[in-house]
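Colleague: Sequence isn't available, so here's the structure alone:
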């Protein structure tokens, strides 16, 4: 006679199935183990397409001798890319409930950035910003709907804040239409006015109530996007070197540029991540300054890759500019990156004048490398790597002096 085996006991605290629609309420700033979600990572990766298109447009403009126009177009287009990413990132840090509707609206925002990316080349070549504007409007309308949804669940000052965000986002879209209807010479002024207006929306919206963004989560999100931008820089430079070698068989001329470019990008990564920044983000005033400053960090990091591409084209005779101008396309964004990272990150953790001067002096030396002709890029790479070595050595010496002092204090 066989006996039936006993049934296993039901697991305790088994996870309950989540409803497809949930209330969109603020998350806690003190949540433990808060990390980026798969949707956020997917969102970031889709922005690579737009960044790559903007970089390609900048390369073409600089290499053909239209650097001023190219930089202006790049600044405007990168602002649209960066600001859409910024707004989603801070909103998600405070309100991400990961339900079905939230996911769908986020995917709509991704579709918007892909539409924007499709219009980047037309904006550079023909000054036609129509497709860029359509993509931006898609992203921003989706974000406004998220804020309206958050306002529906909120009360008091929090509800007022959410409505101010939604109203500010929608109102700014009207102003951006000027990029399409006005003649080209008036567009830089429209961009300047509207960029200031966009930056003022969070300041106004949160003047009485702050969103519950998570410092560690925000620091991680910005760090991940920095990695993505630097990765795109390496990818673009690698493709440029590969194409130049295949078409012109100029490996000897390109190896120093490739080596110098890698040293610059590796140093850029090291310098950004050498200190944990989340402990510095304690208030809206600090976080706004830090977050807004990342426009320069992201834009300059992406520009380094474009500059390396220009240097490669100059090395094989495809660029219609001087070697000094081609070198400037690498050294200037590198110096800007170093100075901005120092201002936003490093200076808060440096001890003593020697440590504080490492990055500013490095930025100056990188600019001086511009005038070294064909060796400008490799020299800038060596200078950047020496900055990392110097900073690491100074930090180690400071830590070595502090340990005996702390031990003596503890023994007394």
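Modeller: That came through fine. On a predicted model such as this, the values are computed, not experimentally measured, just so you know. Numbers count the residues shown, from 1 in each chain.
Colleague: so where does the spatially most central residue of the chain fall, helix or strand?
Modeller: Of all residues in the chain, the one closest to the mean position by C-alpha atoms, centre = their mean is residue 298, 3.9 Å from it. If you go by DSSP states H and E, residue 298 is part of helix 284-315.
Colleague: For the residue nearest to the centre of the chain, list the residues it contacts.
Modeller: By C-beta atoms under 8 Å, 6 or more residues apart in numbering, the contact list for residue 298 reads 78, 82, 225-226, 229. Backbone N, C-alpha and C define where each C-beta goes, glycine included.
Colleague: tell me the two of those residues that are most distant?
Modeller: The span of these, defined through C-beta to C-beta, is set by 78 and 226 at 14.2 Å.
Colleague: So the two - more neighbours on which side?
Modeller: A direct count of neighbours by other C-beta atoms under 10 Å for residue 78 and residue 226 places residue 78 higher, at 22 against 19.
Colleague: and that one, what element?
Modeller: Assigned by DSSP H and E, residue 78 belongs to helix 67-95.
Colleague: and that helix with helix 284-315, angle?
Modeller: Interaxial angle, helix 67-95 versus helix 284-315 (axes from the mean of the first three to the mean of the last three C-alpha atoms, to 10 degrees): 140 degrees.
Colleague: Run the chain-centre distance for the very next helix or strand once past helix 67-95.
Modeller: Later in the chain than helix 67-95, the nearest helix or strand by DSSP H and E is helix 100-126. Distance, stretch centre to chain centre, for helix 100-126: 17 Å (C-alpha atoms, centre = their mean, to the nearest Å).
Colleague: neighbours around the spatially closest residue to residue 119 that is not a sequence neighbour, how many?
Modeller: In space, residue 119 comes closest to residue 131 once its chain neighbours are excluded; the distance is 2.7 Å by C-beta to C-beta, 6 or more residues apart in numbering. Residue 131 has 18 neighbours, counted by other C-beta under 10 Å.
Colleague: try the one 3 residues further on
Modeller: As a burial measure, the neighbour count of residue 134 was computed by other C-beta under 10 Å and equals 16.
Colleague: Let me know the helix or strand that it is in.
Modeller: In this structure, residue 134 sits in helix 130-153 according to DSSP H and E.
Colleague: Mind listing what's buried along that helix?
Modeller: Within helix 130-153, the residues that count as buried by 16 or more other C-beta atoms under 10 Å are 131-151, 153.
Colleague: just stretch 66-80 next, same as before
Modeller: Neighbour-count burial for stretch 66-80, counted by 16+ other C-beta under 10 Å, picks out 66-67, 70-71, 73-80.
Colleague: Closest to residue 48 out of those?
Modeller: Nearest to residue 48, judged by C-beta to C-beta, of the buried residues of stretch 66-80 is residue 78 at 13.1 Å.
Colleague: ok, the closest one to residue 301 distance?
Modeller: Distance, residue 78 to residue 301, using C-beta to C-beta, to the nearest Å: 11 Å.
Colleague: ditto for residue 84
Modeller: Using C-beta to C-beta, one obtains 18 Å as the distance from residue 84 to residue 301.
Colleague: quick one, which of those two is more surrounded?
Modeller: Legend: neighbour count by other C-beta under 10 Å for residue 84 and residue 301, higher for residue 301 (29 against 23).
Colleague: give me the number of residues near the closest residue to that one other than its chain neighbours?
Modeller: Leaving out its chain neighbours, the residue that sits closest to residue 301 by C-beta to C-beta, 6+ apart is residue 229, at 4.6 Å. Number of residues near residue 229 (other C-beta under 10 Å) recorded here: 25.
Colleague: any idea which helix or strand carries residue 229?
Modeller: Residue 229 is part of helix 215-248 when elements are defined by DSSP H and E.
Colleague: Which SSE is immediately downstream of that helix?
Modeller: Counting by DSSP H and E, the next helix or strand C-terminal to helix 215-248 is helix 251-273.
Colleague: That next one packs against which elements?
Modeller: Secondary-structure packing of helix 251-273 (3 or more C-beta pairs under 8 Å, 6 or more residues apart in numbering; DSSP states H and E): helix 215-248, helix 284-315, helix 323-344, helix 376-411.
Colleague: What mean pLDDT does the shortest one get?
Modeller: This points to helix 323-344. The average pLDDT within helix 323-344 is 94.
Colleague: Buried ones in that helix, by neighbour count?
Modeller: Buried residues in helix 323-344, counted by 16+ other C-beta under 10 Å: 323, 325-344.
Colleague: just checking, what packs against that helix?
Modeller: In terms of contacts (3+ C-beta pairs under 8 Å, 6+ apart), helix 323-344 is packed against helix 38-63, helix 251-273, helix 284-315, helix 352-368, helix 376-411.
Colleague: For residue 361, see how far away residue 384 is.
Modeller: 12 Å.
Colleague: Apologies, that question was intended for residue 333.
Modeller: Remark: distance between residue 333 and residue 361 (C-beta to C-beta) = 18 Å.
Colleague: try residue 247
Modeller: For residue 247, the distance to residue 361 equals 39 Å [C-beta to C-beta].
Colleague: contacting residues for the closest residue to residue 297 other than its chain neighbours?
Modeller: In space, and not counting its chain neighbours, residue 297 is closest to residue 340: 5.1 Å by C-beta to C-beta, 6+ apart. By C-beta under 8 Å, 6+ apart, the contact set of residue 340 is 293, 296-297, 300.
Colleague: Please identify the buried residues of the helix holding residue 229?
Modeller: Counting neighbours by 16+ other C-beta under 10 Å, one finds that the buried residues in helix 215-248 are 215-226, 228-230, 232-234, 236-237, 240-241, 244-245.
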